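>>> need coordinates for the following:
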Amino acid sequence: MILNTTFVIDFLRNQKDAVTKADHLRNTGEPLFITTITVYELWGGIEEVSEKARKLLEMFQAFGALVFDMESAKKAGTIRRVLGKRGTPIDVENVMIAAIAIERNETLLTRNIRQFSRIEGLKVESY
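Got it, this is the predicted structure:
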C-alpha cells in the first residue's frame with residue numbers, strides 16, 4: 001500500500017482517523033510505501049533543520065520509497081491526457097503518484113478521494 005501525502009500529513013498531525021488507520025496497518029503487516037513525489041511535497045513544506053524534518057527522515061527510512069521511473073512517467077502522461085480531454089484534470093503531483101501506484105499494482109491510501117477517483121485502474125482506499 002502506498003501512503004499518499006494527505007495520509008502522512010494527517011498522521012504527523014495526530015489526526016484521529018489517520019492514527020487509527022496506521023495502527024490497523026501495523027497490525028496487518030502489509031508492506032507500506034511512499035513515493036518520491038510525496039517526499040518532494042513534504043520536504044518543500046518544512047525547514048530542513050527542524051524537528052519535523054528529523055521525524056520525516058525517520059518515516060522515509062521506515063518505508064520503501066517508490067520512484068517516478070520511465071514507465072510511471074509514461075503512465076502519468078496518459079492519465080493527464082485522458083483527464084484533460086474529459087475536462088477533469090487533477091494536480092500533476094497526484095497524477096504522478098497515481099501512475100506509480102498503477103504501475104506497481106498498489107493501493108493508494110489517501111483522503112483525497114475526489115481527485116484520485118477520476119483515474120481508471122487506480123485502487124484507492126480512504127481512512
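
>>> in the protein, what helix or strand scores lowest on average pLDDT?
helix 51-62 (a mean of 72; mean pLDDT, DSSP states H and E).

>>> gap between the closest residue in space to Phe11 that isn't next to it in sequence and Pro31?
Closest residue to Phe11 apart from its sequence neighbours, by C-beta to C-beta, 6 or more residues apart in numbering: Ala18 at 4.3 Å. For every residue, glycine as well, the C-beta is placed using N, CA and C. From Ala18 across to Pro31, the span is 19 Å (C-beta to C-beta, to the nearest Å).

>>> ok, Thr107 next?
Distance of Thr107 to Pro31, given as C-beta to C-beta: 11 Å.

>>> got it, and Lys85?
Distance from Lys85 to Pro31, by C-beta to C-beta: 35 Å.

>>> with Glu120 instead?
24 Å.

>>> follow-up on the earlier one: surely the residue nearest to Phe11 and Leu109 touch.
No - using C-beta atoms under 8 Å, Ala18 makes no contact with Leu109, being 9.2 Å away.

>>> let me see the contact set for Thr6.
Neighbour list for Thr6: Thr110, Arg111, Asn112 [criterion: C-beta atoms under 8 Å, 6 or more residues apart in numbering].

>>> equivalent analysis for Thr110, please.
Applying C-beta under 8 Å, 6+ apart, the residues near Thr110 are Asn4, Thr6, Phe7, Phe116, Val124, Glu125, Ser126.
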